[in-house]
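*Asks:* the following block contains a protein sequence and its predicted model.
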Amino acid sequence: MKPAPVKLKVHKIDTPYLVGPVDIFELWTGGKHILIDTGPPTETAVRYLQSNIDLSTLDYLLLTHCHPDHYGLAQYILDHSSAKLMMARVDSR
């Protein structure tokens, strides 16, 4: 059986933090649209998401870890999509 095709797009979003820009990843595989991390909770990041990612087609939001530059817009994305949230259990407490 041939594996499902995978498409990956890397997005770089500016942050106000010393780490500088953060990468978030948009992935399409097995008929699913997945966003890995969100970017920081800033208006700039919200505008970036609105302009570059179709949240209406998002199936899953995967958070790698709970630093604000990686999960900062999680609630915004959940409020503006029907995505299911995936994250490590230890970070969900």
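*Replies:* Yes, it's here.
*Asks:* my read is residue 33 is in a strand, agree?
*Replies:* Yes: the assignment for residue 33, made by DSSP: H, G, I helix; E, B strand; the rest coil, places it in a strand.
*Asks:* ok, now which ones touch it?
*Replies:* Applying CB atoms under 8 Å, 6 or more residues apart in numbering, one finds that residue 33 lies in contact with 26, 27, 54, 57, 58, 59, 60. C-beta here means a position set from N, CA and C on the backbone, and glycine is covered the same way.
*Asks:* not counting its neighbours along the chain, what's nearest residue 35?
*Replies:* residue 61 (5.2 Å; CB to CB, 6 or more residues apart in numbering).
*Asks:* pretty sure the one you found is touching residue 83, no?
*Replies:* Yes: using CB atoms under 8 Å, residue 61 is in contact with residue 83, at 4.5 Å.
*Asks:* any residues in contact with both of the two?
*Replies:* In contact with both residue 61 and residue 83: 35, 77, using CB under 8 Å, 6+ apart.
*Asks:* among the contacts of residue 33, which one has the most neighbours?
*Replies:* residue 58 (20 neighbours; other CB atoms under 10 Å).
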